[in-house]
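S.K.: Attaching a predicted model along with its sequence, questions to come.
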Amino acid sequence: MGRDRQTPSNWPIFRSLAAFRPADLPGDLIAGLTLAAIAIPEQMATSRLGGFSPQIGFFAFIAGSLGFAMFGANRFLSCGADSTITPIFAGGLALMATAGSPDYQAFAMALALLVGVLMIAGSVFKLGWIANLLSTPVTVGFLAGISVHILVSQLPGVLGLHTPGGPTLYKLGVLADELGQTNPYTLVIGLGVLALVAVCESISARIPGALIGLVAATVAVIAGHLESKGVNVVGTVPGKLPTPSFPDVAPERWVKLLSLALLIAVVVMVQTAATTRSFLSDPDKPADVDRDFLGAGVGSLLSGLFGAFPVNASPPRTGIVSETGGRTQLAGLLAAAIVLALLAFGATLLQHVPDAALGGVLLFVALRIIRVKQIVTIFRQSFYEFLLVVATSAAIIVLPIEQGVAVGIALSLLHGIWTTTRGRLVEFVHVPGTTIWWPADRQVGSERRPGIIVLGQQAPLSFLNAANFHSDVIKMIGASTPKPRLLVIEASGIVEIDFTAAQALHDLFRECHDDGVTVAIARLESTRAQDAFERFNLYNVLPRDHVFHSVDEALRTLGGQS
């Protein structure tokens, strides 16, 4: 008998390679080559966006690809330098050291290690729910704000102007004043690359428009001697391979970096979860988000040890792997190997790449992440949530970026709290000729029963709404004519009951008993709510035989024939 083949789910490392078959090789090779062609200019541009030399972006891509291939679950996900998180941590690091300095890089390495540890902890403790901290409107506003930061940061390079310091709006004002000094060569290169990438993307995402643009721009710089005409280039890129080292950072600096690391980790969790759920390894199985947190976390750890910065899942690159026939993480490993070979043998090829070309690539990235259609849809369907989009993007644009992201997360949480606290009592009425009781404002031709009141709470009961629930029930009992002899709480919407809410129910049951009103619970379907009745001793004040499967059953037992 042959030895049983291990399934992907029980492989400790390289899980996505467990299902590899020789027939998968052509697809992985094509996907790996395409991914490398897309990643090389993107990683260079993202590295420059963060204030690092281009090879640091390559280190991040190699580390992210290796770390995720070893410990991640998704077969397609590409992990590396990412333009979503780079402006956030670059803004935080700029407050601690000058961009490009040894201290700046050391802090970036330390930040990557901290983010890696937090991501691994998120995997171990199964914190995939953290990915739901950002609501869709807040996420859309967050991306819009980030895109503005990227656009403003890249305009000086595309226009051939010096980069001003200060807040985003101040930078825009300075650039507006200096528009007359624009270098026409850099402007043509930047906008030309932007247009080329956009055209290629509109034809097919598989076409490496960014790489074609960088090659064309580099040839133009060399052939036209444009460096002598004020066109800045990348310059010498050290042809050295990444070697592991630990950052020399004082203990108090680690503590100072922790809050920024928490912020970055939350954003990475959100984007990793969104990416892995959008590109499922197996359409018949749910995404293993917690395992993918582990892969991204190990990627950040390796990135920090190899002298780079935190890494993140990339939805566009992941989509490229999926669309070009990739079957396993071999595609990502092949792309990382190509980047490694470029570092070892072809670094001199990069020295004449114009900065404006990298700026053009990032301008396209910034414009792509603004979800205009989604913003319009939110505006049309939910104006109050559209205000969340505006508030989040405004906070990220006006405030220091890491503070703006924190405000966005806070707005998302407050939105969730506000939604929960809006849950109000709903009166249920009888649908004639049936045994159905339905919310009063949803059914025509309904009827009420004298002496009987049926109420429901269509939200979890918690400290956020327990007091309102208690007072609203008492008010509705007092306002009913004649005075009800039976109160039925339709509990299908109560999926959770916390300690504060249990105390409110305890008081409500006692007050109703003292007032001569019998209380029944119908459709207590949530197992968590059922457990709460046991845990908080609610059956001490409400008999167990007053809990029913339906409102109709409660009425037949306690209130007469329905």
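M.R.: Looks like it came in fine.
S.K.: Which residues are in contact with residue 530?
M.R.: Counting by CB atoms under 8 Å, 6 or more residues apart in numbering, residue 530 touches residue 524. Any C-beta I mention is one placed from the backbone N, CA and C, and that applies to glycine too.
S.K.: Please renumber the chain so that the first residue is 32 from this point on.
M.R.: New numbering, starting at 32: the last item is residue 561.
S.K.: Now it: phi and psi?
M.R.: Torsion angles at residue 561 (phi, psi; degrees, to the nearest 10) stand at phi -60, psi -40.
S.K.: Then residue 552?
M.R.: phi -110, psi 130.
S.K.: right, and it touches residue 576 too?
M.R.: No. Assessed by CB atoms under 8 Å, residue 552 is found out of contact with residue 576, at 10.8 Å.
S.K.: Which of those two has more residues huddled nearby?
M.R.: residue 552 (22 against 10; other CB atoms under 10 Å).
S.K.: what distance separates the start and the end of stretch 112-130?
M.R.: 17 Å (CA to CA, to the nearest Å).
S.K.: Run through the helices of the stretch 332-481 of the chain in chain order.
M.R.: With DSSP state H, counting those that start in this stretch, the ranges of helices along the stretch 332-481 of the chain come out as 346-354, 361-376, 386-400, 403-412, 414-429, 432-452.
S.K.: Just say which of those is most tucked in.
M.R.: Most buried of the helices of the stretch 332-481 of the chain by mean neighbour count (mean count of other CB atoms under 10 Å) is helix 386-400; its value is a mean of 25.
S.K.: which residues of the stretch 382-531 of the chain score low on pLDDT?
M.R.: 454, 472-477 (pLDDT under 70).
S.K.: so what does the host helix or strand of residue 587 touch, helix or strand wise?
M.R.: Secondary structure assigned from DSSP states H and E places residue 587 in helix 582-589. Counting contacts by 3 or more CB pairs under 8 Å, 6 or more residues apart in numbering; DSSP states H and E, helix 582-589 is packed against strand 517-521, strand 549-553.
S.K.: what comes up buried for it?
M.R.: 582, 583, 584, 585, 586, 589 (16 or more other CB atoms under 10 Å).
S.K.: swap in stretch 542-550?
M.R.: Counting neighbours by 16+ other CB under 10 Å, the buried set in stretch 542-550 is 543, 548, 549, 550.
S.K.: which other residues reach the one helix or strand the first one maps to?
M.R.: Spelled out, it's residue 543. Assessed by DSSP H and E, residue 543 sits inside helix 530-545. By CB under 8 Å, 6+ apart, the residues outside helix 530-545 that reach it are 492-494, 496-498, 500-501, 504-505, 508, 518, 528, 549-550, 563, 566-567, 569, 572-573.
S.K.: 6 Å instead?
M.R.: Outside helix 530-545, the residues within contact range by CB atoms under 6 Å, 6 or more residues apart in numbering are 492, 493, 494, 497, 501, 504, 518, 550, 567, 569, 572, 573.
S.K.: Top of those by number of neighbours, please.
M.R.: Going by other CB under 10 Å, residue 492 tops the contacts of helix 530-545 with 26 neighbours.
S.K.: Can you give me the distance of the nearest residue to that one once chain neighbours are set aside to residue 394?
M.R.: Spatial nearest neighbour of residue 492, chain neighbours left out: residue 532 (3.6 Å); criterion: CB to CB, 6 or more residues apart in numbering. Applying CB to CB, to the nearest Å, the value for residue 532 to residue 394 is 51 Å.
S.K.: helices and strands around the helix or strand of the chain with the lowest mean pLDDT, which ones?
M.R.: Every helix and strand of the chain was ranked by mean pLDDT, DSSP states H and E. The lowest is helix 432-452, at a mean of 83. For helix 432-452, the elements it packs on are helix 117-125, helix 167-190, helix 282-309, helix 414-429, judged by 3 or more CB pairs under 6 Å, 6 or more residues apart in numbering; DSSP states H and E.
S.K.: looking at the ones you listed, which is closest to residue 48?
M.R.: helix 282-309 (17.0 Å; CB to CB).
S.K.: what about the closest one, average pLDDT?
M.R.: For helix 282-309, the mean pLDDT works out to 93.
S.K.: Can you give the distance from it to the centre of its chain?
M.R.: Distance, stretch centre to chain centre, for helix 282-309: 10 Å (CA atoms, centre = their mean, to the nearest Å).
S.K.: buried sites along it?
M.R.: Buried, per 16+ other CB under 10 Å, within helix 282-309: 284-285, 287-288, 291-292, 294-307.
S.K.: Dump the buried residues of helix 582-589 into CSV; add distance to residue 367 as well.
M.R.: Converted to CSV, these look like this (distance: CB to CB, whole Å):
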residue, distance to residue 367
582, 61
583, 63
584, 63
585, 63
586, 67
589, 69
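S.K.: Start from the N-terminal end of the stretch 132-281 of the chain and give the helices.
M.R.: So, for the stretch 132-281 of the chain - with DSSP H, counting those that start in this stretch - the helices run 133-155, 167-190, 199-208, 215-234, 240-255.
S.K.: Turn the ones you listed into CSV, including mean neighbour count.
M.R.: Formatted as CSV, these follow (neighbours: other CB atoms under 10 Å):
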stretch, mean neighbour count
helix 133-155, 22
helix 167-190, 23
helix 199-208, 14
helix 215-234, 19
helix 240-255, 19
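S.K.: Show me the one of the ones you listed that comes nearest residue 556.
M.R.: Across these, closest to residue 556 is helix 167-190 (CB to CB), at 27.4 Å.
S.K.: re earlier: neighbours of the residue nearest to residue 492, just the number please.
M.R.: With other CB under 10 Å as criterion, residue 532 counts 25.
S.K.: Would you mind measuring from the residue most central in space within the chain to residue 151?
M.R.: Closest to where the C-alpha atoms of the chain average out (CA atoms, centre = their mean) is residue 301, at 2.4 Å. Remark: distance between residue 301 and residue 151 (CB to CB) = 17 Å.
S.K.: now residue 159
M.R.: Taken as CB to CB, the span from residue 159 to residue 151 is 13 Å.
S.K.: Need the overlap of contacts for the two.
M.R.: By CB under 6 Å, 6+ apart, no residue touches both residue 159 and residue 151.
S.K.: ok so, going back, what about the least confident helix or strand of the chain, distance to the chain center?
M.R.: 14 Å.
S.K.: do stretch 275-286 as well
M.R.: On CA atoms, centre = their mean, the centre of stretch 275-286 falls 27 Å from that of its chain.
S.K.: sec struct for the residue nearest to residue 360 when sequence neighbours are not counted, please.
M.R.: Counting by CB to CB, 6+ apart, residue 360 lies nearest to residue 100, which is 3.8 Å off, once chain neighbours are set aside. Reducing the assignment at residue 100 to three states with DSSP: H, G, I helix; E, B strand; the rest coil gives helix.
S.K.: So, low pLDDT: which residues of the stretch 82-231 of the chain?
M.R.: Residues of the stretch 82-231 of the chain that meet the cut-off, pLDDT under 70, do not exist.
S.K.: burial of residue 527, as a residue count?
M.R.: By other CB under 10 Å, 15 other residues sit near residue 527.
S.K.: now swap in the one 4 residues further on and tell me
M.R.: When counting by other CB under 10 Å, one arrives at 14 neighbours for residue 531.
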